[in-house]
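Novice: sequence first, then the predicted structure, then my questions.
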Amino acid sequence: MPQVDKVSFFPQVFWLIFLLILFYIFFLRYTFTNISNIFKTRNYFFLENSRSTHKNKINLKTLTIKNIFINTIFIEQLILNNKTEIINTFQNWLNISAKKMLLESEIFKEIGEAKVEQVLTEQALNTSEN
């Protein structure tokens, strides 16, 4: 076999090692440096964005706490100034919802009675046919 021939074995091994070293140097020089640059820029942008989002979160927290405080004071003043109006509208809402519930219960009773009558007439028809 020519691959294992003692005369041509050394040159094959030499060129194999030489080419592997060339590929290794090429990858170290170009490919791995490009990949490392990509990771470095990615990490840089990631750190910058995380810092800015952290600052934004802190600002949002303080803004929302201020807004909540201001809104609660505003709502409290509205409630205190319009106390009787709010109570009247709430009572009206309760009355309307109670009337709706009564109407719905009467409708369900009528539907139930009609269903019972229908079942009774069907049973009466079935017994008269037999």
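Specialist: Noted; the coordinates are in hand. Just so it is clear, the model here is predicted, and its values are computed rather than measured.
Novice: helices of the chain, start to end?
Specialist: Secondary structure of the chain, counting by DSSP state H: helices at 6-26, 32-81, 83-129.
Novice: as CSV, those helices with mean pLDDT and mean neighbour count would be great.
Specialist: For the C-beta atoms, the positions are set from N, CA and C on the backbone; glycine is no exception. Shown next, in CSV, are the helices of the chain (pLDDT from 0 to 100; neighbours: other C-beta atoms under 10 Å):
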stretch, mean pLDDT, mean neighbour count
helix 6-26, 88, 10
helix 32-81, 71, 10
helix 83-129, 78, 10
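Novice: domain ranges for this structure?
Specialist: 1-81, 83-130 (automatic domain parsing).
Novice: ok now the first one, how far from the chain's centre?
Specialist: The chain centroid and the centroid of domain 1-81 are separated by 25 Å under C-alpha atoms, centre = their mean, to the nearest Å.
Novice: now the last one
Specialist: Using C-alpha atoms, centre = their mean, we find the averaged C-alpha position of domain 83-130 to lie 41 Å away from the chain's own average C-alpha position.
Novice: quick one, what contacts residue 73?
Specialist: For residue 73, the contact set (C-beta atoms under 8 Å, 6 or more residues apart in numbering) is empty.
Novice: any idea how far it lies from residue 112?
Specialist: 52 Å (C-beta to C-beta, to the nearest Å).
Novice: next one: residue 70 from residue 76, what distance?
Specialist: Distance of residue 70 to residue 76, given as C-beta to C-beta: 11 Å.
Novice: same thing with residue 28?
Specialist: 70 Å.
Novice: could you do residue 21 as well?
Specialist: According to C-beta to C-beta, residue 21 stands 80 Å off from residue 76.
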